[in-house]
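> Please find the sequence and the predicted model below.
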Amino acid sequence: MKTTLLFGVHAHQPAGNFPAVLDKAHELCYRPFLETLHRFPQFRFAAHFSGPLLDYLLERYPDDMRLLREMVGRGQIELFGGGETEPVLAAIPHRDRVGQIRALSAKLERLFDTAPAGAWLTERVWESTVAPALAECGIRYVTVDDYHFLCAGIEAAALNGHYTTEEGGARLGLYPISEALRYRIPFAPADEVVAYLEGHGGAAIYFDDIEKFGIWPETNEWVYGKGWLEKFVRGVLASESLETLDYREHHARERSRGIVYLPTTSYIEMNEWTLPAPAARAYTDLVAREKQSGRYEAEKPYLRGGIWRNFLSRYPEANWMHKRMLALSERLAALPANARTADLSRLLQLAQANDAYWHGLFGGLYLPHLRRGVWNALIALEIRLDKLAPRPPRGQYDLDADGFDEALIQNGELQAVVKLDGSASIIELDAYALAHNFADTLRRHAEAYHAKALETESPMRSDSGIASAHDRVSFKHAITADDLVPDAYSRSLFRDRWVDAAGQEHLLASYQLGPNVAIEHAATFRAPCSFGRVDKLVVVQGGRLTVTWFLADVPEGTFRTELSLAMPSCDGYAGRYILRGEIPCGFGQPLDAEEVTELVLDDRFMGGSVAILASRAASVRCRPHVTVSQSEDGFEKIMQAATVTLSWPLSAGAHEFSVALKIAQS
């Protein structure tokens with residue numbers, strides 16, 4: 001009996017990614033992949049394209065998309081559906097799951113005259129609660145990892161067909177993707193992969209990122225320059241032991257292997273990445289010991305890491321975005337049906353794109369431009385919702401469920417969110433005209449993989465193939481131990497310190513929300529301290545945010561406040577400081593100055609600026625805030641924000657001074 005190869009590829013680029021990145025991905029991968037397989041009509045396979053990427057390719061590369069249309073038309077390709085903007089379906093409400101799935105299905109039907117029967121699950125994150133939405137939208141089957149099935153107690157030998165699950169009576173087919181194939185394709189020599197398939201039996205199920213076929217390190221030369229893909233396709237088609245089918249035909253032809261209920265999980269690597277650094281290190285040590293003992297393959301189903309939602313616990317910045325998204329989803333759903341327009345739904349869907357919410361070897365939480373894409377959509381949606389259903393100028397709630405309320409102040413031009421955790425610092429500052437959150441930054445987090453950053457580069461080449469990105473240790477930038485020290489607190493705006501006469505720093509962490517003041521768009525805070533008292537007034541007025549401090553009964557010392565400002569240009573050429581009419585440097589360089597009453601951060605990429613205006617001359621220290629993360633290209637430093645610290649030496653007694661942020665479009 002022949003082995004049936006069910007071959008599938010998933011193509012995705014994050015919403016908000018740079019056009020140059022998409023163009024390079026197309027040049028290195030999407031175009032040569034389509035051109036190669038177009039020459040082999042008998043090789044049948046499945047493909048999934050996320051909605052924003054498909055839109056870009058159709059507009060930018062119509063000739064290559066004609067190849068895709070032709071292959072779909074002749075029955076060579078089965079197009080898979082899923083969420084339009086590639087959300088993790090488990091992380092959004094049922095109503096939004098349905099909206100996302102229907103949006104991509106409608107697009108495929110409109111553009112390719114095909115309604116998808118299968119769907120790609122983002123990052124193969126499985127929770128049983130997603131099944132009803134998929135079934136409601138006409139999806140009959142999805143692909144998940146064989147690991148999901150192993151965790152449910154299914155024997156590995158039985159994972160060469162499809163199963164059925166149900167949730168509340170809604171049925172869905174499940175295909176187990178072979179981990180062995182994921183690690184062989186396209187990294188092992190083509191003839192070895194074909195030989196492995198010939199001895200497989202039943203259905204050999206593969207569905208993985210197309211970016212492995214040209215974008216991952218070394219893969220373009222390997223897959224196309226050295227002809228791996230063509231050799232593989234020719235080998236499969238020439239084999240008398242192999243046949244290729246699409247999933248639709250296989251699902252119709254082959255009977256289900258029976259009912260199965262899968263645990264909440266994702267692929268093995270993801271389950272490790274979701275864990276906090278200490279737990280992740282313990283997990284990897286355990287896995288290493290089990291591999292060394294030879295027990296790993298037998299015990300793998302019982303060595304579980306975390307679940308995808310743990311990213312929201314690990315990273316407060318991701319959790320805040322997520323809870324802001326959920327709140328806006330609720331506001332949109334509360335509108336009358338005729339007010340819930342396609343434009344509003346599109347903005348919500350863009351804010352649900354998965355990449356900026358998590359981090360591992362992949363995932364884009366560490367990439368400012370991907371978080372900015374989410375925030376642009378959130379702010380644009382909020383502007384529209386405020387016009388349809390206006391909000392009060394002040395509010396208080398614990399939106400992110402961390403045990404501390406947030407105070408919200410907004411006037412239709414600016415919105416400031418103050419964290420009531422004792423810091424009275426601003427964790428979100430939205431300029432509606434720019435659709436930008438100036439507090440959108442990321443603290444330095446401890447990561448389990450940071451220990452590898454101090455190792456010698458090790459590309460781990462093989463004479464018979466190439467190394468997967470999972471096995472490589474490489475570097476885009478030189479990393480030192482100082483670069484890896486985690487932050488003790490969040491990077492926010494107006495985080496205050498008192499430095500006593502002996503030079504000892506005291507973080508002001510006891511601010512309490514004061515009574516409402518007569519000013520409508522304002523909030524007051526009071527911090528009783530061992531050295532005196534500090535009152536803090538935050539006011540939003542027009543396009544200006546002003547913070548005023550009133551110090552009473554303080555001894556001689558220095559007052560400092562720190563602002564980590566998210567500037568879209570980061571350390572690029574389009575961002576620069578302007579001081580006394582001169583441009584001393586860009587955001588990526590250090591700047592120290594005395595007797596400063598005005599410092600402008602001008603960002604031509606953003607098309608705007610923020611002027612820091614001090615009522616009393618201050619000493620200013622500016623430094624780029626940089627994090628270290630790992631991607632498929634290696635360890636890299638990424639600038640997250642321009643951190644500006646203002647200091648005022650003070651005599652004993654009472655003092656009053658303020659700092660205003662004046663935000664303007666260019």
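Ah, there it is.

> So for the chain, the centremost residue is which one?
Ala356 (1.9 Å; C-alpha atoms, centre = their mean).

> Now do the domain split for this protein, please.
Domain segmentation of the chain under automatic domain parsing yields 3-260, 310-437, 486-665.

> out of those domains, which comes closest to Tyr296?
domain 3-260 (12.1 Å; C-beta to C-beta). Using the backbone N, CA and C atoms, a C-beta is placed for each residue, glycine as well.

> how much distance is there from the closest one to the middle of the chain?
Distance of domain 3-260 from the chain centroid (C-alpha atoms, centre = their mean, to the nearest Å) equals 21 Å.

> Check the separation of the first and last residues in that domain.
Domain 3-260 has its terminal residues 23 Å apart, counting by C-alpha to C-alpha, to the nearest Å.

> Now do that domain, average pLDDT.
Domain 3-260 carries an average pLDDT of 97.

> Trp498 should be in a strand, yeah?
Yes - counting by DSSP: H, G, I helix; E, B strand; the rest coil, Trp498 is located in a strand.

> Contact partners for the closest residue to Pro486 other than its chain neighbours?
Spatial nearest neighbour of Pro486, chain neighbours left out: Ala446 (4.4 Å); criterion: C-beta to C-beta, 6 or more residues apart in numbering. Neighbour list for Ala446: 276-277, 486 [criterion: C-beta atoms under 8 Å, 6 or more residues apart in numbering].

> of those residues, buried ones?
Buried members of these, scored by 16 or more other C-beta atoms under 10 Å, are 276-277.

> What about the contacts of Ala446, which are in helices?
Of these, the ones assigned to helices by DSSP state H are Ala277.

> max-length helix in the protein?
helix 368-388.

> Can you pull the poorly scored residue ranges out of the stretch 401-550 of the chain?
Along the stretch 401-550 of the chain, the parts satisfying pLDDT under 70 run over 455-477, 518.

> coming back round to it: correct me if wrong: the residue nearest to the centre of the chain contacts Leu370.
Yes - the criterion here is C-beta atoms under 8 Å, and Ala356 meets it with Leu370 at 4.3 Å.

> Find residues that contact each of the two.
14, 16, 364.

> Tell me, how many residues neighbour the second one?
Think Gly16. 21 (other C-beta atoms under 10 Å).

> what's the closest non-adjacent residue to it?
Gly373 (2.2 Å).

> after the helix or strand encompassing Ala103, next one along is what?
Assessed by DSSP states H and E, Ala103 sits inside helix 94-112. Next along the chain after helix 94-112, taking DSSP H and E as the criterion, comes strand 118-120.

> name the helices or strands packed onto that following strand?
strand 45-49, strand 141-145, helix 247-253 (3 or more C-beta pairs under 8 Å, 6 or more residues apart in numbering; DSSP states H and E).

> and those as JSON lines, adding distance to Glu218 and mean neighbour count?
Shown next, in JSON lines, are those (distance: least, C-beta to C-beta, whole Å; neighbours: other C-beta atoms under 10 Å):
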{"stretch": "strand 45-49", "distance to Glu218": "23", "mean neighbour count": "25"}
{"stretch": "strand 141-145", "distance to Glu218": "24", "mean neighbour count": "24"}
{"stretch": "helix 247-253", "distance to Glu218": "30", "mean neighbour count": "17"}
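
> how near is Gly575 to Gly586?
6 Å (C-beta to C-beta, to the nearest Å).

> Looking at the two, which is more packed in?
Neighbours per residue, other C-beta under 10 Å: of Gly575 and Gly586, the larger number sits with Gly575, 22 against 19.

> Check the gap between that one and Ala435 for me.
Relative to Ala435, and taking C-beta to C-beta, Gly575 is found at 18 Å.
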